[in-house]
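# Got a predicted structure here, sequence first:
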Amino acid sequence: MGKNLFRKVWDDHVVRQLDNGQYQVFMALHLIHEVTSPQAFGMLKDKGLGVAFPNRTFATVDHIIPTDSQSRPLQDDMAEKMIQVLSDATAEHGIEYFPPESGSQGIVHVVGPEKGLTQPGMTICCGDSHTATHGAFGCIALGIGTSQVRDVLASQTLAMDTLKVRRIRVEGKLGPGVTAKDVILHIIRLLGVNGGVGYAYEYAGSVIEAMTMEERMTVCNMSIEGGARCGYINPDETTFEFLRDRERVPRGADFDAVCEKWRSYASDPDASYDDEVVIHARDISPTVTWGVTPAQAISIEELVPSPETAEGLEKNLITDALNYMKLDAAAPIKGTKINVAFIGSCTNGRLSDFRSVARVIAGHKVADSVRAIAVPGSEQVDQDARAEGLDKILEAAGFEWRKPGCSMCLAMNPDKLVGDEVCASSSNRNFMGRQGSPTGRTILMSPIMVAASAVRGSVADAREVFELPSTLESGDAA
Amino acid sequence: MSKTKFAGRGVYVLGNDIDTDRIIPARFLKCVTFDELGPSLFFDERFDADGNSRGHPLDKARHKGAEILISDNNFGCGSSREHAPQAIQKFGLKAVIAESFAEIFHGNCTTLGIPCVVMDAEHRSGLAAQVERNPDAELIIDLESQQVIFANEIYPVSMKASTREAFLAATYDPLDNLLSAKDQVRNTAQKLGWA
Ligand code: SF4
């Protein structure tokens, strides 16, 4: 019986088993940012400890950074202080730091892959639950808490239990207007927000194999929303081509050698799994959320569920979600008025996301009632998008083109919903209060669905609003 | 110090999928230490826009000073922010009983010495009802026997084996242990080409 990728990477990185049955696991790459990591440096100081492998940790700022003006000092004193603490700590410990206006700053899960820091076969961790994004390259990529950031800084290792592996095969061919975001929302809807507890998800099948790396990152990004500890995709030619010539990737003959090594991590054809799920592409439609968890999602043609048809605690969950969202049971989601449109985040803030929107929105206008913002995931994405004129196309349509950061994904910076505004959002969480107002409402969807909804002023089906090319993403997707 | 028994008054916060954004809203993450987080616990559930109490269980006079939080399924899902268990601890809560926990939250709690104890729905609703009736009585979580004892009743609970071991051996904060294998770590790093 062969091994799956999880097992191979795990076996390579285990240092030893601990007395309580957990394992001590070496982390090949550690990424840090300003919200969950400064405190860890304080903990190190209290214990008189240093950083064990400073060359395996990289830092940037993303969560609190404003997206209108990033000139320093930031207007928000505490935000300024958080950045300062991170910048001082990285300097003190010899950790490489990508500050604003360096050309390399951005959302940590956008920066790692685009610099080629993220490579197949690695164990990767970051004090952020969307670290699963990096699994798109064939990595075990784990979100961790601040005390674990401390552990990794001090020892470059984590104490953890091993995981089971569920292979999720998505087979067939996606219809026009159905994107990677719809695939992952559909998976979470089917398996539930805690269906993945105790598991690593391996995404496989013809749909996943045909995806570009950016689409794969969108899928892996939301593994955590399905409760999985991490999610990954086996590395293949698409992976290697993405990594070729990236800043931190070996070149020439060394590249060929490293590709061979990377290839060896892919799951063996006869690998065993703890569970397997098969999903058919034809069952996946453009999907939007109606409630307050990412699993509370429906296809754009469906009706919002009704508590009447549910039982027990599920009934309460639906009632509470509908009350919070101020939506009627058994009514269409299509046509729900929106106030804000947000395209960005580590889920859908990459170049291909803005390309796909620019391609369809040219010639259309955002409705007057809608505030629309586009926030590139990194300075690199910003530069590349500008070079292609995507910023101008989105601006002409009525979007504001902002500077890079997490922005309205979690609204720790000034980009926030006001009161009970409804936001059509390309981000990953529709939790109560997530977008900065305790009563703000979030409807998750793909970037082109956000664009369609922005144009209509209400939740809309991109297939009806735009003329869609048969392949939507960056053009090189099958 | 081994931590095997946790005693305190209980408080039941109803709901499945209570995420860490609800436990501590993002605006309170603007800090460089965790020290001040206690009062912000469940803030938007506890207070309206004008700062008036919404009558959340944590703010009811009868539950003031409660130390053991009881909730439902998938508690602590979402963001990995350790600010959530830190706020729980700083607020004065010592342990959480629920039907299930999200994994990152579970790990964060463990490192801080907050046990995440699993109790099934039937026993939990019984316990919650008892706690409502006797808010002043203490409940005891015994990790050794995997029981909760309250008002002369015994409720079976469970805990992930490795976590329970860590509490019994007082190694729930793994750092010293991780640091005790420096040579082995270096060997692994060398083998992988990172040393
Ligand atoms: S974009 Fe959103 S989900 Fe991604 S790292 Fe930033 S805050 Fe977290």
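Nice, thanks for sending it over. Treat the numbers as computed from the prediction; the structure is a model and nothing was measured. Numbers count the residues shown, from 1 in each chain, chains lettered A, B, ... in the order given.

# Give me the contacts around whichever helix or strand residue B:90 is part of.
Assigning secondary structure by DSSP states H and E places residue B:90 in helix B:83-91. Helix B:83-91 is contacted from outside by A:36, A:145-146, B:20, B:23-24, B:28-29, B:31, B:34-41, B:58, B:69, B:76, B:96, B:105, B:108-109, B:112, B:114, using CB atoms under 8 Å, 6 or more residues apart in numbering or on different chains. (C-beta placed from N, C-alpha, C; glycine too.)

# Drop anything exposed from the residues you listed.
Among these, those buried by neighbour count (16 or more other CB atoms under 10 Å in any protein chain shown) are A:36, A:145-146, B:20, B:23-24, B:28-29, B:31, B:34, B:37, B:40-41, B:58, B:69, B:76, B:96, B:105, B:108-109, B:112, B:114.

# ok, which of these also contact the ligand?
With CB under 6 Å from any ligand atom as the criterion, the buried ones among the contacts of helix B:83-91 include none near the ligand.

# Return the subset of these lying in helices.
Of the buried ones among the contacts of helix B:83-91, the ones assigned to helices by DSSP state H are A:146, B:20, B:23, B:105, B:108-109, B:112.

# Can you tell me what sits against the lengthiest helix in chain A?
Ranked by number of residues, the top helix in chain A under DSSP H is helix A:77-93. Residues from elsewhere that reach helix A:77-93 (CB under 8 Å, 6+ apart): A:32-35, A:37-38, A:41, A:50-51, A:54, A:59, A:61, A:64-66, A:72-74, A:95-97, A:99, A:153, A:412-413, B:30-32.

# Now for residue A:419, how many residues are close by?
For residue A:419, the neighbour count with other CB atoms under 10 Å in any protein chain shown is 11.

# For it, give me its contacts.
A:437, A:439-440.

# Also residue A:209?
By CB under 8 Å, 6+ apart, the residues touching residue A:209 are A:236, A:238.

# Is it correct that residue B:139 falls within a helix?
No - counting by DSSP: H, G, I helix; E, B strand; the rest coil, residue B:139 is not part of a helix but strand.

# Tell me the bridge partners for the closest residue to it other than its chain neighbours.
Closest residue in space to residue B:139, ignoring its immediate chain neighbours: residue B:150 at 4.0 Å, by CB to CB, 6 or more residues apart in numbering or on different chains. With DSSP bridges as the criterion, residue B:150 is bridged to residue B:153.

# Could you measure from residue B:150 over to the ligand?
Applying CB to the nearest ligand atom, to the nearest Å, the value for residue B:150 to the ligand is 39 Å.

# ok, that residue - how many residues close by?
Residue B:150, neighbours per other CB under 10 Å, totals 21.

# Surely it touches residue B:140?
Yes - between residue B:150 and residue B:140 a contact is recorded at 7.4 Å, counting by CB atoms under 8 Å.

# Any stretches of the stretch 151-300 of chain A with poor pLDDT?
For the stretch 151-300 of chain A, applying pLDDT under 70 flags no range at all.

# where do the strands sit along the stretch 151-300 of chain A?
A:157-160, A:164-171, A:199-204, A:230-232, A:275-280, A:287-289, A:297-299 (DSSP state E, counting those that start in this stretch).

# Any buried residues in the longest helix of chain A, and which?
Those would be A:79, A:81-87, A:89-90, for helix A:77-93 by 16+ other CB under 10 Å.

# Among those, which one sits closest to chain B?
Ranked by distance to chain B (CB to the nearest CB), the buried residues of helix A:77-93 are led by residue A:85 at 5.0 Å.

# Tell me the spacing between the closest one and the ligand.
Residue A:85 is 19 Å from the ligand, by CB to the nearest ligand atom.

# Next: residue B:89.
For residue B:89, the distance to the ligand - CB to the nearest ligand atom - is 23 Å.

# and that residue, how many neighbours does it have?
Residue B:89 has 18 neighbours, counted by other CB under 10 Å.

# In the stretch 201-350 of chain A, what residue lies closest to the ligand?
residue A:346 (3.3 Å; CB to the nearest ligand atom).
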